[in-house]
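Engineer: have a look; sequence and predicted model below, questions after that.
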Amino acid sequence: MVGGGPGGNQAASRAASLGAKVTLVERDIVGGAAHLWDCIPSKAMIATAGALAFSRRAPGFGLSSGGPALQVDHAALAERIGAVTNRLQRSVEDLLTSQGVRTLRGEGRLAGPHTVVVRYEGGAEERLSADAIVVATGSRPRIPDWAEPDGERVLTTRQAYPPPEVPEHLVVVGSGVTGVEFVHMFSSLGSKVSLIVSRQHVLPHKDAEVAAALEDELLRRGVQLFKGARAQGVERTADGVAVHCDDGRTVSGSHVLIAVGSVPNSDRLHLDEAGVHVDKWGYVTVNHHCQTNLAHIYACGDVCGRLPLSSVASMQGRKIAEHIMELHTREHRHIDYDKAASAVFTDPEIADVGLAEAEAFASGRKIRVTKVPFGASAKALINDDPRGFVKIISDPATGVVLGGCIVGSQAAELISVIALAVTAGLKVSDLVESCLVHPSLSEALADAAE
């Protein structure tokens, strides 16, 4: 296994449990840089921002503050993030050790179809022979050629966990999932935030109603949206930064955060020496078994570009291990990427799974769309947070659940019910006839299925 992220460590763990002799090569952090440097720290900061935002809503619960408002303690926040990531890393390492996985700390590269070379700190190298090789090296933030991050005023996503200070005015470039999560995070922490949106709405690949609901919330918070503007230059000023856009507008702030996607970590693997194909963007091409053009070499996670989610990488790693150990010769289910659930950890949260309404209409497919606002939920009113809605997409002829999206509190948790329905081919009647807890937010799922 070259790379110890969610895909690599899951492949290693599953293969070891099936009796394989496994060596895992990782240059940075077992558990994955994208996972433990991006996903987990950002969600830890978002949780802190959420606690701060919740404290501001205390009067809605019949509470009054007898003291000063809560403030961000930078040292405590950094310690909290470190504690969370370190505990998760140790958990992964302990599991692999208990399973007999050999872990090597170094940079791996291929030196032939069955050879991996590990370069350790200091320059020493070790050659390993393998019957099967798994490439799981992840990705890194994409830095456009017009930006030069300095870790002070011009930041990448990995330089903001936590930032050296809460920016007075943060300019975020990129309105995809990562960008809007940072907008939510820093606006909750007290920053003035401006968001440069290259298209006409945020989250261009999400349901239009979902994007509109999030935009309404961002505007309510005072976030400035610069729509139809594509950043093309950043300069340091006397007291901050200025971001120049292709439509002539300039957005000034104290800091700028670049959140414009990622690039695969394939450029230093020497894949050509093994004869492994990559596409023009550097992604390793794989089939439905995650095999490359060489049947014994696999790739998973961000480096293969199928669907850049930690949950997907983990599932790919598990499936790869089972394929290597020939479990696919028995009952085996391929990964259906169209049925993978995803979430955006803004406030309110956003989550979706399966067929999208716009996708169905674009293809001419007939669907049934039902929608229920959380304003009709007793638990949402109890929680003093009736924002958002549940939308379920189903087949009008059979009633089979095809997809859904949720905007609202705990959407990332609630989407699991719809994801299970989509994966298992359940019908809307199965949701309606489920006796769910009352009062609970999940009741809105059954209501939306009616």
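Structural biologist: Cool, got the structure. This is a predicted model, so every value here is computed, not measured.

Engineer: wait, Glu235 sits on Val251?
Structural biologist: No - with contact defined as C-beta atoms under 8 Å, Glu235 does not count as touching Val251 (11.6 Å). Where C-beta positions appear, they are placed from N, C-alpha and C, glycine not excepted.

Engineer: so between those two, which is more surrounded?
Structural biologist: Neighbours were tallied for Glu235 and for Val251 using other C-beta atoms under 10 Å; the higher tally belongs to Val251 (22 against 14).

Engineer: show me the shaky parts of the stretch 301-450 of the chain.
Structural biologist: Across the stretch 301-450 of the chain, the ranges flagged by pLDDT under 70 are 330-332.

Engineer: can you map out the strands along it?
Structural biologist: Shown for the stretch 301-450 of the chain, the strands assigned by DSSP state E, counting those that start in this stretch span residues 342-344, 349-354, 368-373, 389-394, 401-408.

Engineer: by contact count, what packs against the second one?
Structural biologist: I take that to be strand 349-354. In terms of contact count using 3 or more C-beta pairs under 8 Å, 6 or more residues apart in numbering; DSSP states H and E, strand 349-354 is assigned the packing partners helix 208-221, strand 342-344, strand 401-408, helix 411-424.

Engineer: list the helices and strands the longest helix seen in the chain packs on?
Structural biologist: When the chain is parsed with DSSP state H, its longest helix is helix 74-98. Other elements packing on helix 74-98 under the criterion 3+ C-beta pairs under 8 Å, 6+ apart are helix 6-17, helix 40-56, strand 102-105.

Engineer: could you dump the very next helix or strand once past the last one to CSV, C-alpha only?
Structural biologist: With elements assigned by DSSP states H and E, the helix or strand that comes after strand 102-105 is strand 107-110. Written as CSV, here are the backbone C-alpha positions of strand 107-110 (Å, rounded to 0.1, in the frame of the first residue of the first chain):
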residue,chain,number,x,y,z
GLU,A,107,8.0,8.3,0.4
GLY,A,108,7.1,5.5,-1.9
ARG,A,109,7.5,5.2,-5.7
LEU,A,110,7.1,2.5,-8.3
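
Engineer: can the helices and strands packed on helix 74-98 go into a markdown table with extra columns for mean pLDDT?
Structural biologist: Rendered in a markdown table, the data for the helices and strands packed on helix 74-98 read as follows (pLDDT from 0 to 100):
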| stretch | mean pLDDT |
| --- | --- |
| helix 6-17 | 96 |
| helix 40-56 | 87 |
| strand 102-105 | 96 |
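
Engineer: can you tell me which of the ones you listed is most buried?
Structural biologist: Per-residue neighbour counts averaged over each of the helices and strands packed on helix 74-98 give the maximum for helix 6-17, namely a mean of 27 (mean count of other C-beta atoms under 10 Å).

Engineer: return the set of buried residues in stretch 62-78.
Structural biologist: Using 16 or more other C-beta atoms under 10 Å as the burial criterion, the residues of stretch 62-78 that qualify are 72, 77-78.

Engineer: and the residues you listed as a markdown table, adding distance to Arg102?
Structural biologist: Putting these into a markdown table (distance: C-beta to C-beta, whole Å) gives the following:
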| residue | distance to Arg102 |
| --- | --- |
| Val72 | 42 |
| Leu77 | 36 |
| Ala78 | 33 |
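
Engineer: among the helices and strands packed on helix 74-98, which is nearest His169?
Structural biologist: Proximity of these to His169 was assessed by C-beta to C-beta; the nearest stretch is helix 40-56, lying at 16.8 Å.

Engineer: now the longest helix of the chain: how far from the chain's centre is it?
Structural biologist: Helix 74-98 has its average C-alpha position 19 Å from the chain's average C-alpha position, going by C-alpha atoms, centre = their mean, to the nearest Å.

Engineer: how about stretch 163-179?
Structural biologist: Offset of stretch 163-179 from its chain centre (C-alpha atoms, centre = their mean): 17 Å.

Engineer: check stretch 11-27 too.
Structural biologist: Using C-alpha atoms, centre = their mean, we find the averaged C-alpha position of stretch 11-27 to lie 24 Å away from the chain's own average C-alpha position.

Engineer: kindly check the end-to-end length of that stretch for me.
Structural biologist: When the termini of stretch 11-27 are compared using C-alpha to C-alpha, to the nearest Å, they are 17 Å apart.

Engineer: got the contact list for it?
Structural biologist: 1-4, 8-9, 30, 95-96, 99-108, 116, 118, 128, 130, 134, 136, 298, 300, 316-318, 320-322, 324-325, 327 (C-beta atoms under 8 Å, 6 or more residues apart in numbering).

Engineer: stretch 250-261 now?
Structural biologist: Around stretch 250-261, the neighbours that count as contacts under C-beta under 8 Å, 6+ apart are 141-144, 147, 149, 153-157, 160, 163, 167-174, 176, 178-179, 182, 192, 194, 196, 224, 226, 229, 234, 237, 239-245.

Engineer: list the buried ones in it?
Structural biologist: 251, 253-260.

Engineer: ok, so of those residues, who is nearest Thr48?
Structural biologist: For Thr48, the closest of those turns out to be Leu257, at 17.2 Å, with distances computed as C-beta to C-beta.

Engineer: who's the closest one bridged to?
Structural biologist: Beta-bridge partners recorded for Leu257 (DSSP bridges): Leu155, Val172.

Engineer: mind checking how far it is from Val118?
Structural biologist: With distances taken as C-beta to C-beta, to the nearest Å, Leu257 is found 35 Å from Val118.

Engineer: count the neighbours of Ser310 for me.
Structural biologist: Residues contacting Ser310 under the criterion other C-beta under 10 Å number 22.

Engineer: which neighbours do Glu235 and Val251 share?
Structural biologist: Taking C-beta under 8 Å, 6+ apart as the contact definition, Glu235 and Val251 share the neighbouring residues Ala242.

Engineer: helices along the stretch 201-350 of the chain, start to end?
Structural biologist: Assigned by DSSP state H, counting those that start in this stretch, the stretch 201-350 of the chain shows helices spanning 208-221, 271-274, 310-324.

Engineer: what comes up buried for the first one?
Structural biologist: This means helix 208-221. Residues of helix 208-221 classed as buried by neighbour count (16+ other C-beta under 10 Å): 210-211, 213-215, 217-218.

Engineer: swap in the longest one?
Structural biologist: For helix 310-324, burial by neighbour count (16+ other C-beta under 10 Å) applies to 310, 312-324.

Engineer: that older thread, out of the buried residues of stretch 62-78, which comes closest to Pro373?
Structural biologist: Within these, the smallest distance to Pro373 is 32.7 Å, found for Val72 (C-beta to C-beta).
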